[in-house]
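# return atomic coordinates for the entry below.
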Amino acid sequence: MADDIDLLIKSLQTSNLSAGCPHCGDEFKLSESLLFDGTKNFPSDAEKIRQEWETDLNEQLELLKKRQIRADEGAEKKAIEVGIGKIIEKVLPAYKNFKLPLADCRFLAEPIDMIVFEGASENKIDHITFLDIKTGNAALNKHQRQIRDAVKDHQVKSEVI
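Model prediction:
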């Protein structure tokens with residue numbers, strides 16, 4: 001069988017056949033290409049290219065591993081931050097430095113942490129505040145931004161059913 005492969009390679013090297021690169025589409029003559037039996041030792045030119053590719057693949061693999069570690073650490077950090085935020089939003093109204101009377105606050109959790117009926121504890125509601133508590137660099141999510149925008153655009157109703 002090795003003789004068949006050697007014979008095929010020799011006939012391709014002496015042929016007038018052309019091939020096309022699958023990546024760039026350029027044509028090239030097989031007689032000008034480095035053709036060899038891949039079941040045997042690579043010719044030195046091919047071995048050099050194979051080693052360069054192997055080195056490059058190993059470097060890319062190391063970069064991928066580092067990125068995965070950073071992603072895992074980032075996800076863990078984010079999960080901890082979200083967990084702490086969920087706890088803080090529940091206990092903050094009971095904190096002694098919380099400026100609003102607890103009797104004015106109604107805890108909702110989602111999508112807004114609470115609604116504050118300012119003045120309700122004194123039987124005189126001055127205004128209503130949609131309050132969301134954020135920690136660190138947290139930002140409003142999509143639904144919270146939509147609620148904020150609806151309030152800013154005066155798209156708030158009061159109904160009795």
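# tally of neighbours for Ala150?
13 (other Cβ atoms under 10 Å). No exception for glycine: its C-beta is placed from N, CA and C like everyone else's.
# can I assume it sits in a helix?
Yes - counting by DSSP: H, G, I helix; E, B strand; the rest coil, Ala150 is found in a helix.
# gap between it and Glu27?
The spacing between Ala150 and Glu27, counted by Cβ to Cβ, to the nearest Å, is 62 Å.
# got it, and Thr135?
Taking Cβ to Cβ, one finds Thr135 at 62 Å from Glu27.
# more neighbours, the two?
Applying other Cβ under 10 Å to Thr135 and Glu27 shows that Thr135 carries more neighbours, namely 14 against 9.
# and Ala75, its phi and psi?
phi -70, psi -40 (degrees, to the nearest 10).
# residues in contact with stretch 136-151?
The contact list for stretch 136-151 (Cβ atoms under 8 Å, 6 or more residues apart in numbering) reads 81, 85, 111-112, 130, 132, 134, 156.
# hey, what's Glu27 bridged with?
For Glu27, the beta-bridge partners are Gly20 (DSSP bridges).
# many thanks, I have nothing further to ask.
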